[in-house]
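Asks: Fold the following, please.
(one chain, ligands or ions: 1)
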Amino acid sequence: MGEAMEAETPATEEIQAPAETKEASEKRKREEENPWRKTSLCSYFRRAAGSCSHGDACRYAHGEEELRPRPDNSWDPTSERAKKLLKTEAAEDEEEEDKDVDFATMEKCLVGLPRKWTSDSLKSFLDGNGIVCVSSKKKKGMTVGFVRFADPEQIRTAVEILKEKTSGGKQIKVADAIRRCQGKKPGKEYPLGQIDEQLCQTQSIIDDSTSSMPSSVVDDDAGENDDGSAHNNSLPAEGLISKARSVRDVVTPLAYMPYNEQLEHKKNSLLQTLKRLTRNARKACPDSISLPEWILKSRDIGGLPCKLEGIIESPLINGYRNKCEFSVGYSSQGKCTVGFMLGNFREGITAVEEPINCPNVSEISCKFALIFQEFLESSVLPVWNRIENHGFWRQFTVREGRSPSQVAVADNLDNQIAEVMLIIQVCSSDVDEKIMQSEFKRMVQVLVRGAATSSPTLPLTTVVVQDHKGISNVAPADCPMFVLPLAEVEEHSCLEKVPATEARINDYINNLQFCLSPTAFFQVNTLAAEKLYSLAGDWADLNSDTLLFDICCGTGTIGLTLAHRVGMVVGIEMNSSAVSDANRNAEINGITNCRFVCGKAEDVIGSLLKEYLDELQPHGTSSDLSTTNGMVGGKGDGNTEENDTTTTVTDITTSDTGPENDCPKDKDSEQIQLLVPEQQFDEKSNVQEISKGNSNDNNVSGFLESSLDSSGFEEKAQEKVDFDKQKVTDSALRPQFKNIVAIVDPPRVGLHPIVMKTIRTHHCLRRLVYISCNPESLVANAIELCTPTADKPEKSKGNKRWRSMSNAGLARQRAKSMPNSEPFQPVRAVAVDLFPHTQHCEMVMLLER
Ligand SMILES: C[S@@+](CC[C@H](N)C(=O)[O-])C[C@H]1O[C@@H](n2cnc3c(N)ncnc32)[C@H](O)[C@@H]1O
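Replies: Residues are numbered from 1 along each chain as shown. Coordinates of the predicted model:
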């Protein structure tokens with residue numbers, strides 16, 4: 001037996017040991033020197049101690065079941081460094097968990113209670129913490145609980161209970177409850193005493209778009225527009241506020257600080273936000289993979305993912321806004337007012353106050369608001385009442401356009417405004433047509449006269465009416481709009497409602513003219529936007545061999561201002577009027593190397609990347625752009641075909657696939673490079689898709705739900721590819737570019753998960769400049785783009801708990817199920833202050849791989 005065994009054992013010299021690499025040999029030596037290192041895993045990041053950021057402060061050895069101290073005793077738990085590290089990281093984690101709970105506000109509302117719950121059920125659920133009251137909204141199918149806590153400790157306990165217990169699998173979320181008064185007694189203050197009916201009413205009229213959503217997934221500034229402006233959450237006449245805040249405090253909360261202190265304040269807050277990127281990417285990094293260099297290096301720069309290179313000042317500090325959306329409602333004194341609300345729906349319902357002392361609002365806008373307010377005082381039609389969802393006058397917007405080639409001097413922008421567009425939002429349901437006509441005529445007269453008699457006179461270019469019959473604050477993209485004639489119309493003649501298709505005003509960026517339709521996005525601080533775009537261009541490292549994807553391009557401002565620095569721009573935008581503005585703007589400025597595609601980025605990006613990049617020639621064989629395609633920016637530069645959006649769609653599956661792609665293809669990137677069969681170009685349904693599009697910029701829940709259901713990813717992308725009115729040019733004629741860059745400038749909610757996956761898995765895209773008006777969502781997106789992935793991504797479990805996750809937590813989840821692909825690295829970041837006096841700030845981050 002023994003002999004037989006011996007015979008089976010191969011002779012030692014026959015065993016071929018694989019050659020040890022230098023790296024492996026160094027690792028082995030290190031482990032031999034310190035055996036503890038081999039098995040030790042940091043308690044916080046479940047990662048080898050050698051690669052965690054705790055260094056000597058790392059205390060745990062996880063190789064075994066039990067935690068044990070380092071055998072060499074080199075970890076000193078009493079050392080200052082150890083204490084500091086462990087304390088800060090624990091505190092940071094805790095802070096992240098509690099991010100949405102304000103422990104200073106004692107009255108909370110609990111969203112997501114089971115429908116049949118009563119006050120007693122909630123009381124026992126919370127183990128008696130807080131005085132409770134439950135309100136059921138049958139119409140909205142929701143039950144909300146209101147709790148008044150005695151102190152922060154009670155809140156903490158309740159939050160713990162809510163984290164641990166779920167009600168029938170549902171997570172209950174905590175939000176601040178701020179009471180309003182329902183009574184029609186202006187001036188009466190309701191005491192903040194015990195929990196009562198008024199508190200229950202606080203959240204009962206929360207906007208539909210936020211009510212069903214817990215606060216953690218509602219954008220921090222859900223009550224604000226894309227550009228950081230105050231939202232028109234029009235208020236009921238009887239709205240009163242219990243928190244005495246001035247409109248200046250609400251609209252421009254930093255106005256009390258000198259400008260340099262505002263910048264410092266914003267910079268510090270951005271530093272904290274940026275650190276979240278490092279922390280979360282570290283947590284999301286799979287155990288099997290070593291931490292990327294940028295995370296390891298973050299230790300040297302205070303935990304930042306990359307350097308924050310400062311904050312660029314706004315050239316204009318006061319009156320910089322070129323667009324102001326005023327709410328129409330009643331002030332706390334019961335006066336019909338055109339101004340800003342003293343809060344948003346998350347904070348409860350508040351009154352509308354005149355825009356007095358709001359330094360970001362231009363004088364022109366204030367004057368027009370006042371003229372319109374005076375008109376409303378004599379109007380026979382009522383202002384919109386949000387509680388009862390009826391009324392006529394809803395919102396008043398002033399858009400300003402500067403004269404060309406004028407350099408703004410200090411704070412004196414007003415006299416450079418050459419054009420003004422006024423947009424009046426109304427709801428014409430159940431309103432007598434004759435009365436409406438007569439009111440419009442009178443309104444135009446008042447506005448024209450008011451502008452002419454102001455000193456100095458105010459420019460007035462066009463008056464547009466938007467007829468929005470829905471309940472939600474945001475009018476859908478296809479909301480009817482018409483232009484009112486500025487010339488006086490005789491009293492008994494019929495008012496001609498000209499469709500607003502041609503209503504435009506002009507503004508200028510980097511000496512290019514931008515012609516803007518009423519609803520198209522345009523940065524509200526034009527001069528600061530110039531700085532932002534130039535910087536984005538510099539960081540994008542552009543040259544004539546660059547193909548630039550301008551994702552979420554609006555009216556084409558970024559692409560068009562950078563067109564002369566690149567070979568070609570492909571812009572993607574879902575607002576169809578912004579796309580037609582972009583095409584028109586290219587034409588006006590004689591730019592021929594831009595193509596603007598109308599569609600949601602998540603629907604079109606995969607196909608566009610495929611169209612342009614799958615046929616890339618190997619480096620060095622790209623054609624000479626200046627001679628073969630003439631696609632260089634500037635007047636009269638040859639090929640205008642790319643701007644022709646009316647040509648028919650060609651089946652890309654039959655087009656010549658061209659020379660082999662020099663980008664390594666992996667199977668994941670294949671997944672998203674979808675071939676779309678001809679039958680799927682259903683023009684009609686695609687057009688509908690577009691027109692539905694931009695009503696829902698902030699559809700966070702849609703994003704989140706789809707993000708966690710990756711099974712539908714391919715189908716979704718495939719189904720929704722939109723080639724409406726876009727021409728797929730013959731691949732043989734299409735220029736080839738060596739340098740593929742994307743500049744993304746998404747709305748506050750950030751990029752759609754499909755866009756993220758597409759960018760991440762397309763190897764040709766090596767550089768990405770991310771511009772964001774919401775650094776929180778930038779950080780969340782960067783977690784997904786920059787975290788290394790495991791060979792086998794985790795299968796998304798369709799996690800129902802996404803509702804209770806923070807943005808960063810959700811991004812971590814998504815990062816784990818990202819297809820295996822090369823991650824980006826954050827390279828540099830800078831802030832650009834487009835919104836002085838407010839908390840908002842644009843942030844730009846360069847990501848490379
Ligand atoms: C912050 S703005 C930036 C616009 C433009 N880059 C600029 O600076 O003027 C965001 C733009 O993204 C568009 N948008 C929002 N969601 C989109 C989506 N899913 N796909 C494409 N565009 C989208 C909006 O209509 C808006 O024009």
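
Asks: Tell me how many other residues surround the residue lying closest to D541 once chain neighbours are set aside.
Replies: By the measure of CB to CB, 6 or more residues apart in numbering, the closest residue to D541 outside its immediate chain neighbours is R767, 6.5 Å from it. (C-beta placed from N, C-alpha, C; glycine too.) Using other CB atoms under 10 Å, R767 has 20 neighbouring residues.

Asks: Was I right to think R767 contacts E848?
Replies: Yes - the criterion here is CB atoms under 8 Å, and R767 meets it with E848 at 5.2 Å.

Asks: now the closest residue to the ligand within the stretch 701-849 of the chain: how far from C552?
Replies: Evaluated by CB to the nearest ligand atom, the stretch 701-849 of the chain has D745 as its residue closest to the ligand, separated by 3.7 Å. D745 sits 5 Å away from C552, taking CB to CB, to the nearest Å as the criterion.

Asks: Then N593?
Replies: Computed with CB to CB, the distance linking N593 and C552 is 20 Å.

Asks: Tell me which of those two has more neighbours.
Replies: Just comparing N593 and C552: by other CB under 10 Å the higher neighbour count belongs to N593, 31 against 23.

Asks: which helices and strands does the particular helix or strand that has L560 in it pack with?
Replies: Counting by DSSP states H and E, the element that carries L560 is helix 557-562. Packed against helix 557-562, as judged by 3 or more CB pairs under 8 Å, 6 or more residues apart in numbering; DSSP states H and E, are the following elements: strand 512-516, helix 526-540, strand 546-551, strand 568-573, helix 576-588, strand 594-598.

Asks: Save these as JSON lines, and put in mean pLDDT and distance to F326 too.
Replies: Below are those laid out as JSON lines (pLDDT from 0 to 100; distance: least, CB to CB, whole Å):
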{"stretch": "strand 512-516", "mean pLDDT": "94", "distance to F326": "19"}
{"stretch": "helix 526-540", "mean pLDDT": "96", "distance to F326": "20"}
{"stretch": "strand 546-551", "mean pLDDT": "97", "distance to F326": "31"}
{"stretch": "strand 568-573", "mean pLDDT": "97", "distance to F326": "26"}
{"stretch": "helix 576-588", "mean pLDDT": "94", "distance to F326": "22"}
{"stretch": "strand 594-598", "mean pLDDT": "97", "distance to F326": "30"}
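
Asks: need the residues of the protein near the ligand, please.
Replies: 226, 521-523, 552-554, 557-558, 572-575, 578, 600-602, 694, 697, 745-747, 752, 773 (CB under 6 Å from any ligand atom).

Asks: Now the residue nearest to C358 when sequence neighbours are not counted: phi and psi?
Replies: The shortest distance from C358 to any residue that is not its chain neighbour, by CB to CB, 6+ apart, is 4.6 Å, and that residue is V251. Note on V251: backbone dihedrals following degrees, to the nearest 10 are phi -80, psi -40.

Asks: Enumerate every residue touching V251.
Replies: Residues touching V251, when contacts are defined by CB atoms under 8 Å, 6 or more residues apart in numbering, comprise A230, F340, P355, C358, N360, V361, T838.

Asks: contacting residues around the fifth one?
Replies: Pointing back at N360 there. Residues in contact with N360, defined by CB under 8 Å, 6+ apart, are V251, T252, N318, G319, Y320, R321, F835, P836, H837, T838.

Asks: Could you measure from the fourth one over to L263?
Replies: Note on G319: its distance to L263, by CB to CB, is 18 Å.

Asks: Kindly report the same for the first one.
Replies: When distances are taken as CB to CB, V251 and L263 turn out to be 19 Å apart.

Asks: hmm, which helix or strand of this structure has the shakiest average pLDDT?
Replies: helix 625-628 (a mean of 26; mean pLDDT, DSSP states H and E).

Asks: what's the model's confidence in the longest helix seen in the chain, averaged?
Replies: Scanning the chain for the longest helix, with DSSP state H as the assignment, gives helix 259-284. The average pLDDT within helix 259-284 is 94.

Asks: Counting neighbours, which bits of it end up buried?
Replies: By neighbour count on 16 or more other CB atoms under 10 Å, the buried set for helix 259-284 is 259, 262-263, 266, 270, 273-284.

Asks: same thing with stretch 333-341?
Replies: Of the residues in stretch 333-341, those buried by neighbour count under the rule 16+ other CB under 10 Å are K335, C336, T337, V338, G339, F340, M341.

Asks: do the same with stretch 554-571
Replies: 554-571.

Asks: any idea how far F549 is from P305?
Replies: On the measure of CB to CB, P305 and F549 end up 23 Å apart.

Asks: and the two? which has more neighbours close in?
Replies: A direct count of neighbours by other CB under 10 Å for P305 and F549 places P305 higher, at 29 against 26.

Asks: helix/strand/coil for that one?
Replies: What DSSP: H, G, I helix; E, B strand; the rest coil gives for P305 is coil.

Asks: Looking at it now. What's its pLDDT?
Replies: In this prediction, P305 has a pLDDT value of 97.

Asks: Equivalent analysis for C200, please.
Replies: At C200, the pLDDT value in this model is 41.

Asks: residue contacts, I356?
Replies: When contacts are counted by CB under 8 Å, 6+ apart, I356 is found next to V247, R248, C366.

Asks: quick one: which of these sit in helices?
Replies: Per DSSP H, helices hold the following members of these: V247, R248, C366.

Asks: any idea which of those residues has the most stuff around it?
Replies: V247 (24 neighbours).

Asks: separation between that residue and A255?
Replies: Using CB to CB, V247 is found at 11 Å from A255.

Asks: burial count for W384?
Replies: Applying other CB under 10 Å, we find 25 other residues in the vicinity of W384.

Asks: what about the closest residue to it other than its chain neighbours, neighbour count?
Replies: Once its chain neighbours are removed from consideration, W384 has its nearest residue in G391; the separation is 3.7 Å (CB to CB, 6+ apart). Under the neighbour criterion other CB under 10 Å, G391 is assigned a count of 21.

Asks: so what's G391 up against?
Replies: By CB under 8 Å, 6+ apart, the neighbours of G391 are L381, P382, V383, W384, N385, C427.

Asks: Next, the first one: secondary structure please.
Replies: What it means is L381. With three-state DSSP as the basis, the three-state label of L381 is coil.

Asks: so what's the backbone phi/psi at it?
Replies: The phi and psi torsions at L381 (degrees, to the nearest 10) take the values phi -100, psi 140.
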